[in-house]
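J.: All I have is the shape, not the residue letters:
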């Protein structure tokens, strides 16, 4: 791998200020093979009180390594959304003298941040959130603690492009397991957000017929200006052989599954809980895993539709590999910790200063790509 070894050099820029005394960090994370280096770097900033793995993105050997070094708390929205449950789970992890900081992915603590703020008082420094879904969840709440979001930063946009590419790669790989390809197929993409734009551009080069389903008028204008065709949801469901959902907001429900043409392949960019308005466990139809990571749904008329990666984020079949771009956002998270610890900040949503993002970009360009900045304004 081109970047092998560069991660350590890169993280040193963000750990060199030393450890923050009395800081307890709770980390919600995808437990992927690249995470141990990041976790070790976080440990140089504060004490890691617990690792909370995202349920559908756990790499077995990585979990084994984490379990040997840190407390692991199983994560689900049942207890994170419950005021009593969140206190019962988190309070024992934080020593009486420590301040608490939560690193979140997907807004798990959005509805209970007020509960945590009331319990811990000024000892709760705040939350760092890294995803658009999570940003929106915190945005919908009356915040009683500061939340630093990196979801809409220019550096996160660079990562989102790579996520789109990884989604298309994994979706087509699973289609081939069904003896199908994307060539000349009818495809529908739900959502023209940051990741959706990347998916659309990649699909356009694969010789298929693509229609976009987008409800936001500004994104509709943008999609048209980029040369894409807008279609209605009804048209997408009746015609598409491939549906990729990139909204994070319940794009398909049970009635939509019934309306899909027979044999349609459905892929999600994010977790099934966020993307679909149905629960796989509650589906009234027989299901069968017809090949690795592909679940066939047998509808009442006897026809089949296929959930790629069982409806979960399809790119996690192949480890959601996005290369060194992931380190841009991991660095933003680390700088978000410093920003909250240096506070105090008022309750609300914040972004990193542009100067901090530019510094991260300069370090990343130098350490991963050998690009040194000369004569460039800082």
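T.: Happy to help now that I have it. Since the model is a prediction, treat every value here as computed from it, not as a measurement.
J.: Stretch 274-294: which residues count as buried?
T.: 274, 275, 276, 278, 283, 293, 294 (16 or more other CB atoms under 10 Å). Backbone N, C-alpha and C define where each C-beta goes, glycine included.
J.: Measure how buried the closest residue to the fourth one other than its chain neighbours is and give me the count.
T.: I take that to be residue 278. Counting by CB to CB, 6 or more residues apart in numbering, the nearest residue to residue 278 once its immediate chain neighbours are dropped is residue 254, at 4.8 Å. Residue 254 has 15 neighbouring residues, counting by other CB atoms under 10 Å.
J.: Could you check how far residue 254 is from residue 231?
T.: 21 Å (CB to CB, to the nearest Å).
J.: In the protein, what helix or strand scores lowest on average pLDDT?
T.: Within the chain, no helix or strand scores below helix 272-275, which has a mean of 88 by mean pLDDT, DSSP states H and E.
J.: quick one: the helices in the stretch 101-250 of the chain?
T.: Taking DSSP state H, counting those that start in this stretch, the helices of the stretch 101-250 of the chain run over residues 113-120, 132-139, 154-177, 194-204, 217-225, 233-239.
J.: Taking their axis directions, the fifth one and helix 194-204 sit at what angle?
T.: Going back to what we said before, that points to helix 217-225. Between the axes of helix 217-225 and helix 194-204, defined by axes from the mean of the first three to the mean of the last three CA atoms, to 10 degrees, the angle is 20 degrees.
J.: Give the buried residues for stretch 52-64.
T.: Those would be 52, 53, 54, 56, 57, 58, 59, 62, for stretch 52-64 by 16+ other CB under 10 Å.
J.: what's the distance between it and the middle of its chain?
T.: Relative to its parent chain, stretch 52-64 has a centroid offset of 14 Å by CA atoms, centre = their mean, to the nearest Å.
J.: average pLDDT across it?
T.: Mean per-residue pLDDT for stretch 52-64: 90.
J.: got it, and stretch 221-235?
T.: Rounded mean pLDDT across stretch 221-235 is 97.
J.: and the spatially most central residue of the chain, what does it touch?
T.: Closest to where the C-alpha atoms of the chain average out (CA atoms, centre = their mean) is residue 131, at 5.3 Å. Neighbour list for residue 131: 105, 106, 107, 151 [criterion: CB atoms under 8 Å, 6 or more residues apart in numbering].
J.: at 6 Å what do you get?
T.: Neighbouring residues of residue 131 by CB atoms under 6 Å, 6 or more residues apart in numbering: 105, 106, 151.
J.: In ChimeraX, select just the buried ones from these.
T.: Those of those that count as buried under 16+ other CB under 10 Å are selected in ChimeraX with:
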select :105,106,151
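J.: Out of the contacts of residue 131, show me where the pLDDT dips lowest.
T.: Within the set of these, pLDDT is lowest for residue 106 (92).
J.: from what I can see it touches residue 133, true?
T.: Yes: with contact defined as CB atoms under 6 Å, residue 106 counts as touching residue 133 (5.4 Å).
J.: Show me the shaky parts of the stretch 251-378 of the chain.
T.: Scanning the stretch 251-378 of the chain for pLDDT under 70 picks out 375-378.
J.: re the thing from before, tell me which of the helices of the stretch 101-250 of the chain lies nearest to residue 333.
T.: Checking the helices of the stretch 101-250 of the chain against residue 333 by CB to CB gives helix 154-177 as the closest, at 10.5 Å.
J.: So which bits of that closest one are buried?
T.: 155-156, 159-172, 174-175.
J.: Can you give the distance from stretch 324-331 to the centre of its chain?
T.: Per CA atoms, centre = their mean, the displacement of stretch 324-331 from the mean C-alpha position of its chain is 13 Å.
J.: what sits up against it?
T.: If you take CB under 6 Å, 6+ apart as the criterion, stretch 324-331 is touched by 3, 10, 14, 38, 130, 155-156, 158-159, 162, 360, 364, 368.
J.: rewinding a little: now the element after the least confident helix or strand of the chain, going C-ward?
T.: Counting by DSSP states H and E, the next helix or strand C-terminal to helix 272-275 is strand 287-291.
J.: who does that next one pair up with?
T.: strand 294-298 (antiparallel) (DSSP bridges).
J.: Pull the number of nearby residues for residue 38.
T.: Residues lying near residue 38 (other CB under 10 Å) number 20.
J.: Contacts only, for it.
T.: Counted by CB under 6 Å, 6+ apart, residue 38 has contacts residue 330.
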